[in-house]
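> Need coordinates for the below:
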Amino acid sequence: MSDVFERPNPPSGPSWDRRARLASAVGFVFFLAFVVGAVFWFVIRVEVNAGEILVLVNKTGKTLPQELQHEFGDQVVLYPEMVQRIASTTGEGEERVGDAYKGIRYEVLKEGRYFPNPYSFKSVKIHATTIGQNEMGVLVRKFGKPLPFPKTVATEPDERGPVAEILKPGRHNINTLAYEVQRFPAVQVSEGHVGVVTLLSGKDPHKKNTYSVQPSEKGVQRETLAPGLYYYNPYLKQIEIVDVRSHKYDMLQDDAIRFPSNDSFTIRIEGTIEWAIRPDHVAEVTVAYGNEEDILDKIILPNARSISRIQGSKLQAREFISGKTRTAFQEKLLEELKRECWKQGIDIKAALVRDIQPPAEIASLISQREQADQEMDRSTNEMEEAKAEVLLVEQRELRGRNETVGDARRDVVTVIKQAEQAKVVAVTQARRELEVAKLALEAAVKQAAAIRSRGEAKANVVLLDYAARAEPLKRAVAAFGDGAVYAQHFFLKKVAPSIQSILSNTDGSFAEIFKQFQSYDNAPTKGGER
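Okay, here's the model as predicted:
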């Protein structure tokens with residue numbers, strides 16, 4: 001036998017060819033599916049990660065109809081109002097318009113996995129908009145109709161420009177191909193301050209040429225903002241922080257007030273003014289005058305100088321050295337300055353005159369005269385003090401005597417009060433004992449009545465019991481006609497059952513009992529006797 005094996009011939013025939021072609025077709029299908037899957041996975045697949053959004057841009061499609069070119073010729077964003085307008089013009093559905101026309105899609109896609117057709121769409125991944133704490137975002141719309149004059153913000157969905165609504169802190173999915181996001185810090189109104197709001201867009205004021213307007217009217221709003229954190233659209237509103245706390249202004253050296261006295265001497269006054277803006281007139285004061293320096297230069301200092309000159313011109317130079325005159329001048333200055341500034345929205349809280357300097361040429365003479373006047377005043381004060389001391393001694397003696405009399409009167413009053421109190425206590429105790437006795441008496445009377453009632457009840461019970469027993473006996477006696485007959489019947493009824501035989505003489509009292517009974521001759525007797 002040969003050790004060499006022959007190699008078998010490969011199978012052939014129609015069936016084998018069909019199987020080979022089928023295997024090739026299946027392999028091609030799997031390969032094609034693998035290629036398509038690879039294309040979808042590695043080429044078409046778009047992964048939108050956390051914190052991102054996806055915007056699709058239609059690369060292919062139709063352009064705007066001719067009749068809408070003048071209205072939307074420069075628009076590249078397929079926003080909802082434009083899509084509705086195209087759909088109503090062409091008769092197409094809104095979904096069909098969104099796919100059939102070129103442009104940037106308005107809607108955004110959130111995190112996830114998408115497979116957009118790269119031939120028809122361009123995929124643009126954008127970071128989500130995050131507004132930080134203590135800031136706000138303003139959307140500037142890149143599409144729509146231009147804003148009509150004099151509007152500063154877009155209030156309609158198809159108007160181009162800054163949008164009236166703001167973005168508050170947090171995440172927002174904003175299509176930055178259709179909008180620009182501008183960031184602004186929030187406004188912090190601190191304690192002791194208010195916010196004056198100026199509305200840049202709104203209705204025209206009903207009253208013209210006024211410093212403040214009504215709510216929703218364009219201009220400076222009469223209502224101010226209280227302390228707090230505010231988010232606002234700077235294209236719609238402007239907020240100015242105004243300090244409404246008290247302020248002090250020192251009129252010293254070059255800022256001191258100078259005016260001529262009644263006798264033509266120049267008087268120099270240094271002082272301090274404390275003031276604040278009236279809370280209900282903050283808006284008007286801010287618009288009419290400006291900031292703190294403007295208020296000082298336009299309201300407070302002119303009024304202070306004017307009032308000081310008017311009041312100072314009524315006095316002689318020597319009168320300004322007197323303390324009384326200085327006090328009166330200061331009070332008058334405060335009164336007049338407060339009234340005038342109050343009308344202009346400023347509250348003057350204090351006006352203190354620190355120093356009044358008369359001219360040097362008369363200062364010494366006036367000082368000497370003032371010293372003499374002060375010496376006279378001091379002597380007069382000493383005399384008044386002596387008189388007051390004498391009066392004080394008299395009052396002390398009178399107080400001592402009054403205290404002694406008062407002590408005696410207090411003792412008498414104390415004794416009377418104690419007696420009255422003892423009397424009240426005794427009367428109260430007696431009344432209490434009387435009430436107790438009355439209550440005891442009432443209790444005894446009620447107890448006796450209760451005992452009597454119980455006795456009467458028991459007697460009635462016994463009486464009724466006896467009556468109940470006697471009634472049958474009465475009826476029985478009435479039935480026999482006489483009580484003696486009933487007694488005899490009762491006796492015989494009791495005795496008869498016990499009699500067995502009678503051995504007696506027919507004569508006698510005992511035999512009389514049986515005479516009334518009929519003898520029974522034929523009746524047998526016990527033992528055969530009759």
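
> what's the closest non-adjacent residue to residue 213?
Leaving out its chain neighbours, the residue that sits closest to residue 213 by CB to CB, 6 or more residues apart in numbering is residue 219, at 4.0 Å. Backbone N, C-alpha and C define where each C-beta goes, glycine included.

> Distance of the one you found relative to residue 203?
Residue 219 sits at a distance of 10 Å from residue 203 (criterion: CB to CB, to the nearest Å).

> And these two? Which one has more around it.
Shown here are residue 219 and residue 203; by other CB atoms under 10 Å, residue 219 has more neighbours (20 against 13).

> The more buried one contacts residue 199, correct?
Yes - Residue 219 lies in contact with residue 199 (CB atoms under 8 Å); the separation is 6.4 Å.

> and for those two, which residues touch both?
Contact criterion CB atoms under 8 Å, 6 or more residues apart in numbering; residues shared by residue 219 and residue 199: residue 213.

> okay, the residue nearest to residue 213: pLDDT?
Residue 219 is assigned a predicted lDDT (pLDDT) of 88.

> what does the one 5 residues further on give?
Per-residue confidence at residue 224 stands at 90 (pLDDT).

> Spatially nearest residue to it, not counting backbone neighbours?
Nearest non-adjacent residue to residue 224, counting by CB to CB, 6+ apart: residue 194, 4.1 Å away.

> hey, which helix is longest across this structure?
helix 360-480 (DSSP state H).

> what element comes up after it heading to the C-terminus?
Of the helices and strands lying after helix 360-480 in sequence (DSSP states H and E), the nearest is helix 483-495.

> Run through this structure and note the low-pLDDT ranges.
Within the chain, the segments meeting pLDDT under 70 span 1-14, 16, 318, 320-323, 358-375, 498-530.

> Quick check: residue 158 touching residue 144?
Yes - assessed by CB under 8 Å, residue 158 is found in contact with residue 144 at 4.6 Å.

> re earlier: which residues does the residue nearest to residue 224 contact?
Taking CB under 8 Å, 6+ apart, one finds 224-227, 241-242, 244, 279, 282 in contact with residue 194.

> Then residue 295?
275, 277, 285, 289, 346.

> hang on, the third one packs against residue 345?
Just to be clear, that refers to residue 285. Yes - here residue 285 reaches residue 345: they are 4.1 Å apart, a contact under CB under 8 Å.

> can you list residues touching both of these two?
277-278.

> residues near residue 493, how many?
Other residues close to residue 493 by other CB under 10 Å number 9.

> typo on my end, residue 283
24.

> check which helix or strand covers it.
helix 282-288.

> on contacts alone, who are the packing partners of that helix?
strand 193-199, strand 219-220, strand 237-243 (3 or more CB pairs under 8 Å, 6 or more residues apart in numbering; DSSP states H and E).

> what about 10 Å?
strand 193-199, strand 219-220, strand 237-243, strand 266-277, helix 292-295 (3 or more CB pairs under 10 Å, 6 or more residues apart in numbering; DSSP states H and E).

> closest one to residue 49 among these?
Nearest of these to residue 49, taken as CB to CB: strand 237-243 at 37.2 Å.

> Neighbouring strands - and their directions - for that closest one?
strand 193-199 (antiparallel) (DSSP bridges).

> if we can go back for a sec, can you redo the helices and strands packed on helix 282-288 as CSV with distance to residue 382?
Listed next are the helices and strands packed on helix 282-288 as CSV, based on distance: least, CB to CB, whole Å:
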stretch, distance to residue 382
strand 193-199, 55
strand 219-220, 64
strand 237-243, 51
strand 266-277, 32
helix 292-295, 49
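
> right, so of these, which gets closest to residue 131?
Proximity to residue 131 (CB to CB) singles out strand 237-243 among these, at 17.9 Å.

> And that closest one, what's buried?
Buried residues in strand 237-243, counted by 16 or more other CB atoms under 10 Å: 237, 239-240, 242.

> closest to residue 68 among the residues you listed?
Of all the buried residues of strand 237-243, residue 68 sits closest to residue 237, with 35.6 Å by CB to CB.

> So that closest one versus residue 198, what's the distance?
Using CB to CB, we find residue 237 at a distance of 7 Å from residue 198.

> Now do the shared contacts for the two.
Common neighbours of residue 237 and residue 198, using CB atoms under 10 Å, 6 or more residues apart in numbering, are residue 221.

> could you flag which of the contacts of residue 194 are buried?
Buried members of the contacts of residue 194, counted by 16+ other CB under 10 Å: 224-225, 242, 244, 282.

> In TSV: the residues you listed, plus distance to residue 253.
Below are the buried ones among the contacts of residue 194 laid out as TSV (distance: CB to CB, whole Å):
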residue	distance to residue 253
224	36
225	39
242	29
244	29
282	32
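
> so which two of the residues you listed are the farthest from each other?
Pairwise over the buried ones among the contacts of residue 194, using CB to CB, the maximum falls at 225 and 244, 11.7 Å.

> Quickly list what's touching both of those two.
In contact with both residue 225 and residue 244: 193-194, using CB under 10 Å, 6+ apart.

> OK, contacts around residue 86?
Applying CB under 10 Å, 6+ apart, the residues near residue 86 are 62, 64-65, 68, 72, 78, 92, 94, 96-98, 100-101.

> Got a PyMOL select line for the buried ones in the residues you listed?
Typed into PyMOL, the line below selects the buried ones among those, using 16+ other CB under 10 Å:
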select buried, resi 64+68+72+78+92+97+98+101
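
> Among the contacts of residue 86, which one sits closest to residue 269?
For the contacts of residue 86, the nearest to residue 269 is residue 72 (73.5 Å; CB to CB).

> how near is the closest one to residue 122?
21 Å.

> Equivalent analysis for residue 257, please.
The gap separating residue 257 from residue 122 is 76 Å, by CB to CB.

> higher neighbour count, these two?
Neighbours were counted for residue 257 and for residue 122 using other CB under 10 Å; residue 257 has more, 21 against 13.

> The more buried one touches residue 337, doesn't it?
No - applying CB atoms under 10 Å, one finds residue 257 not in contact with residue 337, separated by 11.5 Å.
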